[in-house]
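Chemist: My questions are about this predicted structure, shown below with the sequence.
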Amino acid sequence: MNGQARFGARLAAAVADRGPLCVGIDPHRELLGAWGLTDDVDGLRRFTDAVVDALAGTVAVLKPQSAFYERHGSRGLLVLEDAVGRCRDAGALVLLDAKRGDIGSTMSGYAEVLTHGHPMQVDALTVSPYLGPDSLDPAVRTARVHGAGLFVLARTSNPDAAIFQSARLADGRTVAQAVVDQVGRWNTPDWLVGDPAPDPASYADLQGRWGGGTGSFGVVVGATLSELDVDLTGLRGPVLAPGLGAQGGTAADLVRLFGPGRAVVPTVSRDVLAAGPDRAALRASAERWAADLAR
Ligand SMILES: O=C(O)c1cc(=O)[nH]c(=O)n1[C@@H]1O[C@H](COP(=O)(O)O)[C@@H](O)[C@H]1O
């Protein structure tokens, strides 16, 4: 690996230090307005600065939503790039939420944001598997070489997700289950022929820490599901659980769905961000969620 410890180990360490909460940085037009900011690059920068100042020193993972930066063009992306660096300098892991997914050769371009020396290097990236599980191989290779991580959409929080994700394959598994199974394979050392020989020490803890799952490759499973309809036993990696707060999910839903002992990273955006622009209020809002999750 290239310099830094692999993502799963860094995530486990960050969670041990700061707790599991991830806060999404989603500068919606409505939130900018509610904060008294203009819906332009200046407003975007002020919003982002406040969130980074308030949370990057205390929250384990920050998840900027690329869409809300892209909508402001290249200057919006500069705000994002600056924020990513500042979050990482302050000790937060950055999960870029861009839900990338394309044919393999293009996927390797998307994955470059995980590489050392990239101007916007992030710790992990959300990706979509719907061009086929193998389409993500270049991102997995890149993540492995650079100690980064991926979160693959499996069973998302939106109400109509089951139409695709719970559809059955010829072998009887749901699409979501096939995604989970594939990600579980990535979390073992031998999944790709031609990979450099893995260092067994870097995988020795996969079953041991943080409730049995600290692989670098995780899945997204919404906290809004009425029941957990995927088997996560073979995942060996973290679960990103969105849908808390604004989409109706609660800390109790996480317990109901995932129980104790699974490596779950609950993520909240609007419900924390609505407390801004006051930095102390933002921090207090994140702390309330953290306390709720700890219970
Ligand atoms: O990958 C994600 O983060 C994600 C997956 C999913 O299933 N549902 C989901 O809401 N998200 C993202 O998580 C954030 C949720 O925002 P709030 O509903 O405001 O907490 C948004 O940025 C979504 O794009």
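Modeler: Looks like it arrived, so ask away.

Chemist: Return the residues of the stretch 1-150 of the chain in contact with the ligand.
Modeler: G24, D26, Q65, D97, T126 (CB under 6 Å from any ligand atom). For every residue, glycine as well, the C-beta is placed using N, CA and C.

Chemist: Among these, give me the pair with the biggest separation.
Modeler: D26 and T126 (12.9 Å; CB to CB).

Chemist: Secondary structure element for P27, which one?
Modeler: Counting by DSSP states H and E, no helix or strand carries P27.

Chemist: check contacts around it.
Modeler: Taking CB atoms under 8 Å, 6 or more residues apart in numbering, we find P27 in contact with G43, L44, F47, T48, Q65, F68, Y69.

Chemist: Out of the residues you listed, which comes closest to L232?
Modeler: Nearest to L232 among those, counting by CB to CB, is Q65 at 24.8 Å.

Chemist: ok, now how distant is the residue nearest to that closest one when sequence neighbours are not counted from P242?
Modeler: In space, and not counting its chain neighbours, Q65 is closest to D26: 4.4 Å by CB to CB, 6 or more residues apart in numbering. For D26, the distance to P242 equals 11 Å [CB to CB, to the nearest Å].

Chemist: hey, what's in contact with both of the two?
Modeler: By CB under 8 Å, 6+ apart, D26 and P242 have these common neighbours: S269.

Chemist: now, among the contacts of P27, which is nearest to the ligand?
Modeler: Among the contacts of P27, Q65 lies closest to the ligand (CB to the nearest ligand atom), at 4.1 Å.

Chemist: Go ahead and confirm the closest one touches C22.
Modeler: No: contact between Q65 and C22 fails when scored by CB atoms under 8 Å: they sit 11.9 Å apart.

Chemist: tell me the secondary structure for A12?
Modeler: Classification of A12 using DSSP: H, G, I helix; E, B strand; the rest coil returns helix.

Chemist: the bottom helix or strand of this structure by mean pLDDT?
Modeler: Lowest by mean pLDDT, DSSP states H and E among the helices and strands of the chain is helix 7-18, with a mean of 92.
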